[in-house]
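Colleague: After the sequence you'll find the predicted model.
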Amino acid sequence: MSKIGRKPISLGDLQVEVNNNEIKFKGKKDSGVYILPDSLDAQVDNKNLFIKPKKQIYDINRIWGLHRALLFNKLKGAQTGFEKQLRIIGLGFKAAVTGNKMQLTLGYSHKIDYELPQTVTVVIDKTGQQLTFQSPNKELLGQVCSDIRSFRPPEPYKGTGIQYANEVIVRKAGKAKSA
């Protein structure tokens, strides 16, 4: 039996409507439809959503847990949203945002322009080095942060580059002086 799949999803102030395998939801930040596979069934009971298998088949546990986790992320995003933080470390490295475009200055001979998706917003502090991304879509948020980090990954000698706020960079020792 799936350990993740059998956990109930608390709905809070979300509006959820279940029709066969189609789950329609509406929250403060987002709304949408999630379609479960034919082998799973959803039921709403006391502000909780339960996902159960219709019948026991060989691979039901991984399908059950996967779809419960994906649906949980959609519902949590519609209710409260997700947030990730990036730090830009380096002399002269910074970011600026105008509309839905981000302009990154990362020590290259040119500035990098990155167009943000509609559901992703970014807040940049005064220094231009603390970036806070917010979105109701967890998968899209992770992809955007990963794309931006890939422009200048943190390097192990000086520690400069773009890193997640909670990321620890293991520093390497430079060249040792010979005596």
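Modeller: Sure thing, it's come through. Numbers count the residues shown, from 1 in each chain.

Colleague: So which residues of the protein form helices?
Modeller: Listed in chain order, the helices of the chain (DSSP state H) span 60-79, 138-150.

Colleague: The first one versus helix 138-150: what angle between them?
Modeller: Calculated by axes from the mean of the first three to the mean of the last three Cα atoms, to 10 degrees, helix 60-79 forms an angle of 80 degrees with helix 138-150.

Colleague: so Ala95 touches Lys101, yeah?
Modeller: No: assessed by Cβ atoms under 8 Å, Ala95 is found out of contact with Lys101, at 10.9 Å. (Each C-beta comes from the backbone N, C-alpha and C, glycine too.)

Colleague: ok, the most centrally placed residue in the chain - contacts?
Modeller: The centroid of the chain falls nearest to Lys138 when counting by Cα atoms, centre = their mean (3.1 Å). Going by Cβ atoms under 8 Å, 6 or more residues apart in numbering, Lys138 touches Asn73, Lys76, Gly77, Phe82.

Colleague: Return the residues in contact with the nearest residue to Ala78 once chain neighbours are set aside.
Modeller: Take Ala78 and drop its neighbours on the chain: the residue closest to it by Cβ to Cβ, 6 or more residues apart in numbering is Gly27, 3.3 Å away. Gly27 sits next to Asp13, Leu14, Gln15, Leu75, Ala78, Gln79 when contact means Cβ under 8 Å, 6+ apart.

Colleague: Can you give me the distance of the nearest residue in space to Gly65 that is not next to it in sequence to Arg68?
Modeller: Leaving aside its sequence neighbours, Gly65 sits nearest to Ile4 (Cβ to Cβ, 6+ apart; 3.9 Å). To Arg68, Ile4 is 6 Å away according to Cβ to Cβ, to the nearest Å.

Colleague: Those two: who's more crowded?
Modeller: Arg68 (24 against 15; other Cβ atoms under 10 Å).

Colleague: unless I'm mixing things up, the more buried one is touching Pro8, no?
Modeller: No: taking contacts as Cβ under 8 Å, Arg68 lies outside contact range of Pro8: 9.5 Å.

Colleague: still on that earlier bit, how much space is there between the residue nearest to Ala78 and Ala176?
Modeller: 57 Å.

Colleague: Likewise for Ile112?
Modeller: Counting by Cβ to Cβ - Ile112 and Ala176 are separated by 35 Å.

Colleague: neighbour count winner among the two?
Modeller: Shown here are Ile112 and Ala176; by other Cβ under 10 Å, Ile112 has more neighbours (14 against 6).

Colleague: what about the residue lying closest to the more buried one once chain neighbours are set aside, neighbour count?
Modeller: Leaving aside its chain neighbours, Ile112 sits nearest to Leu104 (4.3 Å; criterion: Cβ to Cβ, 6+ apart). By the measure other Cβ under 10 Å, the count of residues near Leu104 is 21.
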